[in-house]
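Colleague: Compute the structure for the input listed below.
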Amino acid sequence: MADILIPTIRFVDIAAREKAAREAITSSFDNLTARLAKLGQLSQTDAAELARVRELKALIDSDKGKFYFDPLFATARAALKSAESGLRPRAVEHEQGVLQFPEMAGDKATEAERDAEVARVGLILGLLQYNGTALPRLVVSGKTPQPDPEDPNTAEFGEGLFRAVGRIAGRIELAERTLKQVGAAVNIQGDRKEPGVSSAEYAKVFEGLVGRGVTAHDVNLKRLVEDQFDKVQALGDDQAMHDVLIDLPDLEATTAFEVVASHCKLMGSFIFASAFEELKAFQVVDKLVEMSQRGDLALIKGPAGTQLYNYWREAPNRMSESERQGFYAMMLGLPTGQPGVKVNVEFQDLWLRFVSSVSTLVREARVDALIRAATPMAVNQQQVKKAARDLATNMSLHGYGMAFYAAADLQKQINDMISLLQDKELLLAIGQKDMWGVIDQVAQTELGGARNSSKYRMLATSGAIISSWIANNNDRLRDPTSPMIDLGVVSNPPTRPRGQSAVSHPNDYDLVNACEMWLADSAMDEGRIEQMSQPREAPNMTSRPIQIPSIARDLLDSAGLGMGMGYAQAPQSNGHARNGYGY
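Modeller: Numbers count the residues shown, from 1 in each chain. Predicted structure coming up:
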């Protein structure tokens, strides 16, 4: 204990708080600056905050003078130095957590006076943390960071400071001896010139000793300090019940395994393909191959003929129509596929709830901004987040197995079809200006009638945007406090970087537009949209597929409740689950 010199003790949490405060100021400045560049303007509150952190960051970057940006140390330092506080003014600084007192440098103070001041100030900082004293924000005043006098926490901090000073009064010798013992406890090897002590732990040990009536001259002080220090660090025996803090874990932080971004994104491929299926695009290309094979298509030697030949030759390696329909049922809950296929019956309902809640939120926000309604909106951000979380969990659950490979295969096939249908020679041979005209004409003349190409084009694009946005914004699902949709971006969309599209990198503005277009092309009336936007209890869904024992499957099959690929819903007579919505 004699080897521990109090003035050399380094308070590690003070140094850590200073580093964290500087990083927080820089991060806040970068975020607000980026938001200003994206939106062009900030709200009055954000603009004032940007002006504040800009001045603080300028001091950080200047590196001129010894500035402190930790609100705890900076505010305590200002109060201790002020002659208006009623306390003896004392200038205090720190170098990486080592407390320094310029007025006591050299021979201006005795060693005992320095020990007492380090123990006192270190304990004040620790007690302020121990008591949970509110901290004011810092502003630049007189070219230095100072507590904001207009902040309501400034007065509360003053009360907490006097409470800590009063706690120490008359116990300064106990504080010194406690600090030495704690320093010795962390300096086990005895080779540290600056033992690292936490001021918060120092305060907890001190409070524990005071609570037990221990004095500075107790013959068992060393053992009592070590025993209390072990309790503070949760070593040895359990803490006393009155010392235990209620600190429950954040269960939302564990949702990373439930929501798989890649599974959410691949849903866009199936939505895109199902829209092409409704347009009869797959059948149109097959019919074009058949016409070319018969020689009914007036195509000379060229790229179009080569693509048709390659498409015909690769037919055994592509999914058949029945296989595609099976995947639409398994992934999207569409009324397609063969009997016994695992049908995702919840998807359509969850999808429409999310789309409707996004649309309703934005519409009500616009109306509220116009008439400044005093009544709260029927749909808020958390309800949209719940709808998004339920949908993302469902999409993740059904993205295992062959889903990814099927989505990649469908994407390649669709790209090949688009390349073929846009070929100039083929357009000239059919007598159309674009691929949609080719699809409509062939479907009308060869396949019994054309479908509304405009509708399904929009549904395909909107579905790809929505699924991509959910995949890219999984972090918002896990944060219980952040808004799900930034209404500022919706009202003032940012400029899109070159090389990015609404499908590949959708923002909140793209999401809202996609949801509105989906509802418009689905012809959903306002009453239905409002009804679907209301929160409902989420369906029972596991986070991952659960293997059903083979004996259980055999029993269900023998009872006529065959589960096909393991889905716990008996198919109907046509092989499809009830309540499918379709497009």
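Colleague: all strands in the stretch 201-350 of the chain, in order from the N-terminus.
Modeller: In order along the chain, the stretch 201-350 of the chain carries no strands (DSSP state E, counting those that start in this stretch).
Colleague: what bits of it have low per-residue confidence?
Modeller: Along the stretch 201-350 of the chain, segments meeting pLDDT under 70 span 234-258, 337, 340.
Colleague: If you count neighbours, what's buried in the longest helix along the chain?
Modeller: In the chain, assigned by DSSP state H, the helix with the most residues is helix 12-39. The neighbour-count check on helix 12-39 (16 or more other CB atoms under 10 Å) flags 12-15, 17-18, 21-22, 25-26, 28-29, 32, 35, 39 as buried. Every residue, glycine included, has its C-beta placed from N, CA and C.
Colleague: Flag the least confident of those residues.
Modeller: Scanning the buried residues of helix 12-39 for pLDDT, the smallest score is found at residue 39, 79.
Colleague: And that residue, how close does it get to residue 491?
Modeller: 9 Å (CB to CB, to the nearest Å).
Colleague: Next up, the contacts around residue 49.
Modeller: 28, 32 (CB atoms under 8 Å, 6 or more residues apart in numbering).
Colleague: got the angle for the helix or strand containing it vs helix 12-39?
Modeller: Per DSSP states H and E, residue 49 falls inside helix 44-62. Computed with axes from the mean of the first three to the mean of the last three CA atoms, to 10 degrees, the direction of helix 44-62 lies at 120 degrees from that of helix 12-39.
Colleague: For helix 44-62, buried residues please.
Modeller: In helix 44-62, counting by 16+ other CB under 10 Å, buried: 46, 49-50, 52-53, 55-57, 59-60.
Colleague: That helix: how far from the chain's middle?
Modeller: Between the centre of helix 44-62 and the centre of its chain there are 25 Å (CA atoms, centre = their mean, to the nearest Å).
Colleague: Tell me the helix or strand right after that helix.
Modeller: Per DSSP H and E, helix 44-62 leads on to helix 71-81 as the next helix or strand towards the C-terminus.
Colleague: Mind giving me the packing neighbours of the helix or strand that comes right after that following helix?
Modeller: Downstream of helix 71-81, the next assigned helix or strand under DSSP H and E is strand 93-95. Using 3 or more CB pairs under 8 Å, 6 or more residues apart in numbering; DSSP states H and E, the elements in contact with strand 93-95 are helix 12-39, strand 98-100.
Colleague: Quick one: residues contacting residue 312.
Modeller: Contacts for residue 312 (CB under 8 Å, 6+ apart) come out as 289, 292-293.
Colleague: Quick one: these as a markdown table, columns for distance to residue 203 too.
Modeller: Putting the contacts of residue 312 into a markdown table (distance: CB to CB, whole Å) gives the following:
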| residue | distance to residue 203 |
| --- | --- |
| 289 | 80 |
| 292 | 84 |
| 293 | 86 |
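Colleague: Name the nearest of the residues you listed relative to residue 349.
Modeller: Checking the contacts of residue 312 against residue 349 by CB to CB gives residue 289 as the nearest, at 37.9 Å.
Colleague: Surely residue 9 touches residue 98?
Modeller: Yes: Residue 9 lies in contact with residue 98 (CB atoms under 8 Å); the separation is 7.3 Å.
Colleague: more crowded one of these two?
Modeller: Ranked by neighbour count (other CB atoms under 10 Å), residue 9 and residue 98 place residue 9 first, with 28 against 16.
Colleague: What does the more buried one show for phi and psi?
Modeller: Dihedral angles of residue 9 (phi, psi; degrees, to the nearest 10) stand at phi -70, psi 130.
Colleague: Model confidence at the nearest residue to residue 222 once chain neighbours are set aside, what's the number?
Modeller: Nearest non-adjacent residue to residue 222, counting by CB to CB, 6 or more residues apart in numbering: residue 181, 5.9 Å away. For residue 181, the pLDDT comes out at 87.
Colleague: Take the buried residues of helix 44-62 and lay them out in TSV including pLDDT.
Modeller: Below are those laid out as TSV (pLDDT from 0 to 100):
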residue	pLDDT
46	85
49	90
50	91
52	92
53	92
55	92
56	91
57	91
59	90
60	88
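Colleague: any idea which of those residues is closest to residue 505?
Modeller: Of all the buried residues of helix 44-62, residue 46 has the smallest distance to residue 505: 24.0 Å, by CB to CB.
Colleague: Distance of the closest one relative to residue 36?
Modeller: Using CB to CB, residue 46 is found at 8 Å from residue 36.
Colleague: and if you look at residue 42?
Modeller: Distance of residue 42 to residue 36, computed by CB to CB: 5 Å.
Colleague: Spell out which residues are contacts of both of the two.
Modeller: Applying CB under 8 Å, 6+ apart, one finds that residue 42 and residue 36 are jointly contacted by residue 50.
Colleague: For burial, what's the neighbour tally of the residue nearest to residue 380 when sequence neighbours are not counted?
Modeller: Leaving aside its chain neighbours, residue 380 sits nearest to residue 361 (7.2 Å; criterion: CB to CB, 6+ apart). Using other CB under 10 Å, residue 361 has 26 other residues around it.
Colleague: returning to what we had before: can you tell me which of the contacts of residue 312 is closest to residue 387?
Modeller: Nearest to residue 387 out of these is residue 289 (CB to CB; 42.4 Å).
Colleague: Would you map the strands across the stretch 351-500 of the chain?
Modeller: Using DSSP E, counting those that start in this stretch, the stretch 351-500 of the chain contains no strands.
Colleague: Could you pull up the residues touching the residue nearest to the spatial centre of the chain?
Modeller: By CA atoms, centre = their mean, the chain has its centre lying nearest to residue 475, at 2.1 Å. Under the criterion of CB under 8 Å, 6+ apart, residue 475 has no neighbours.
Colleague: Could you do residue 528 as well?
Modeller: Counting by CB under 8 Å, 6+ apart, residue 528 makes contact with residue 356.
Colleague: Let's verify it: helix, strand, or coil?
Modeller: Classification of residue 528 using DSSP: H, G, I helix; E, B strand; the rest coil returns helix.
Colleague: distance of it from residue 33?
Modeller: Distance, residue 528 to residue 33, by CB to CB: 43 Å.
Colleague: ok, now residue 57?
Modeller: Taking CB to CB as the measure, residue 57 falls 10 Å from residue 33.
Colleague: Run through the residues that contact the nearest residue to residue 287 once chain neighbours are set aside.
Modeller: Counting by CB to CB, 6+ apart, residue 287 lies nearest to residue 446, which is 5.0 Å off, once chain neighbours are set aside. Residues near residue 446 by CB under 8 Å, 6+ apart: 284, 287, 291.
Colleague: Is the last one in contact with residue 299, as I believe?
Modeller: No: counting by CB under 8 Å, residue 291 sits too far from residue 299 to count as a contact (9.4 Å).
Colleague: Let me know the outermost residue of the protein.
Modeller: In the chain, the residue that sits farthest from the middle, by CA atoms, centre = their mean, is residue 295; the gap is 56.9 Å.
Colleague: Buried only: go through the contacts of residue 312 for me.
Modeller: For these, buried by 16+ other CB under 10 Å: 289, 292.
Colleague: Which of the contacts of residue 312 fall in helices?
Modeller: If you go by DSSP H, the contacts of residue 312 have 289, 292-293 in helices.
Colleague: what's the closest of the residues you listed to residue 463?
Modeller: Once CB to CB is applied, the member of these that ends up nearest residue 463 is residue 289, at 27.1 Å.
Colleague: so the closest one sits right up against residue 310, yeah?
Modeller: No: contact between residue 289 and residue 310 fails when scored by CB under 8 Å: they sit 10.0 Å apart.
Colleague: follow-up on the earlier one: and the longest helix of the chain, how far out from the chain's middle?
Modeller: With CA atoms, centre = their mean as the basis, helix 12-39 stands 18 Å off its chain's centre.
Colleague: So which elements touch it?
Modeller: Applying 3+ CB pairs under 8 Å, 6+ apart, we find helix 12-39 packed against helix 44-62, helix 71-81, strand 93-95, helix 199-211, helix 487-491.
Colleague: Please tell me how far residue 537 sits from residue 390.
Modeller: Relative to residue 390, and taking CB to CB, residue 537 is found at 9 Å.
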